[in-house]
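1. Need a 3D model of the sequence below.
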Amino acid sequence: MKSPKEISVDQKLIALTTEIIKMTEEKDQLPLLVIKELIEDPEIEAVQNYANNVSIVRLGYNDHGPVHMRTVCRNALKMIKILHQGGIKTSLETEQAGSFSDSVTAVIFAGFFHDFGMTIGRQDHELYSGILAQPVIDRVLTKFLSDKSDLNRRVIIRSMAMEGILGHMGTRRIHSIEAGLILIADGCDMTKGRARIPMELNTKPSVGDIHKYSANSIESVKIHQGNEKPIQIEVFMSSDVGFFQIEEVLIPKINSSPAKGFVELYAGVEGQDMKKYL
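-> Presented below is the predicted three-dimensional model:
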């Protein structure tokens, strides 16, 4: 059974994807068809749930399951929407290799699948994520793009999604805006909700503790249109320990992202002045 939080994020994902499609001239329904398919797919749900079990119970890390993967997908969609509204083209558009809808679809896949490899372990999990996600991406794309004429489109969307998956840790160089948004979107999911279950478990000290405690101090992360740059990210926290998440997780990911030039970042403890990082 899905949790109320997961169901809520599913509904927000469908609504956001619908909004993005309405913004485009072609009104291509592929992103909406794909997001609905991913939400209802039992294999995807099983993989995401087990990834969370490995992350929290076995390794002592924070949430890396269905809610996290959906939240990363939503964060990335928010940012790609802002860029589109600002007249900024995606890499596929700039290269004339694909449409905006293709970029959105690739971002959806990457967000949903980027932590599949946590079912195996933390080390190199982004590589295992790619291995596990590739046949599922093929299966879903073939369902909606089944004609021979769709072959190139399937290849391009899959390749872009794989770049986002493999590059989401910031340890491997990526080159597209789409993959860069996944990298930042992953870093933005740091609110205390991710740390709730690990904090409740009575476990011995482990390597993931600093992530749990720092994430537990993050009250909210807001992504909206910026003042100086297209995308503004604001992080509000209850204590200084949250700066670990900002300085050791989010900022390195932004700095490694091809989308860095489009982002401004502010963070601070609630009730105090916000600090501008980027």
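2. Only C-alpha atoms from now on, for both contacts and neighbour counts.
-> Fine.
3. Please, where are all the strands along this protein?
-> In the chain, the strands defined using DSSP state E lie at 218-225, 231-237, 263-269, 275-276.
4. Who are the packing partners of the shortest one?
-> Okay, so that is strand 275-276. For strand 275-276, the packing partners by 3 or more C-alpha pairs under 8 Å, 6 or more residues apart in numbering; DSSP states H and E come out as strand 263-269.
5. Adjacent strands (with direction) for the strand it packs on?
-> Counting by DSSP bridges, the strands paired with strand 263-269 are strand 231-237 (parallel), strand 275-276 (antiparallel).
6. neighbouring contacts of the last one?
-> Put plainly, it is strand 275-276. 264-268 (C-alpha atoms under 8 Å, 6 or more residues apart in numbering).
7. Please report the distance of the residue nearest the centre of the chain from D186.
-> Centroid-nearest residue in the chain, with C-alpha atoms, centre = their mean: V72, separated by 2.5 Å. Distance of V72 to D186, given as C-alpha to C-alpha, to the nearest Å: 5 Å.
8. Over to M23?
-> Taking C-alpha to C-alpha, one finds M23 at 25 Å from D186.
9. Can you report phi and psi for G87?
-> phi 80, psi 20 (degrees, to the nearest 10).
10. Could you tell me how many residues sit around it?
-> By the criterion of other C-alpha atoms under 10 Å, G87 has 10 neighbours.
11. and what of D273?
-> 10.
12. Check the one 5 residues further on too.
-> When counting by other C-alpha under 10 Å, one arrives at 15 neighbours for L278.
13. and it, how far is that from M79?
-> Applying C-alpha to C-alpha to L278 and M79 gives a distance of 16 Å.
14. do V34 as well
-> Plainly put, V34 is 19 Å away from M79 if you go by C-alpha to C-alpha.
15. now A179
-> 12 Å.
16. now do P4
-> 25 Å.
17. More neighbours: those two, which one.
-> Remark: of P4 and M79, M79 carries more neighbours, 26 against 9, as counted by other C-alpha under 10 Å.
18. does that one really touch I233, like I thought?
-> No: in terms of C-alpha atoms under 8 Å, M79 does not count as a neighbour of I233; the distance is 9.8 Å.
19. what is in contact with the two at once?
-> With C-alpha under 8 Å, 6+ apart as the test, M79 and I233 both reach 223-224.
20. Who are the contact partners of P31?
-> Contacts here follow C-alpha under 8 Å, 6+ apart; on that basis P31 touches 17, 21, 101-102, 104-105, 108.
21. change it to 7 Å
-> Applying C-alpha atoms under 7 Å, 6 or more residues apart in numbering to P31 gives the contacts 17, 101, 104-105.
22. again with T119
-> 47, 50-51, 54.
23. Closest one to G226 out of the residues you listed, please.
-> Relative to G226, the closest of the contacts of T119 is A51; by C-alpha to C-alpha it sits at 34.1 Å.
24. and the contacts of P31, which of them are in helices?
-> Among the contacts of P31, the members found in helices (DSSP state H) are 17, 101, 104-105.
25. Dump these to TSV, plus distance to Q123, neighbour count and pLDDT.
-> Formatted as TSV, the ones in helices among the contacts of P31 follow (distance: C-alpha to C-alpha, whole Å; neighbours: other C-alpha atoms under 10 Å; pLDDT from 0 to 100):
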residue	distance to Q123	neighbour count	pLDDT
T17	32	23	98
S101	33	22	98
V104	28	25	98
T105	27	26	98
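26. Just the closest of those residues to A259, please.
-> Nearest member of these to A259, counting by C-alpha to C-alpha, is V104, at 14.9 Å.
27. which residue sits closest to the closest one, ignoring its sequence neighbours?
-> Leaving aside its chain neighbours, V104 sits nearest to P31 (6.4 Å; criterion: C-alpha to C-alpha, 6 or more residues apart in numbering).
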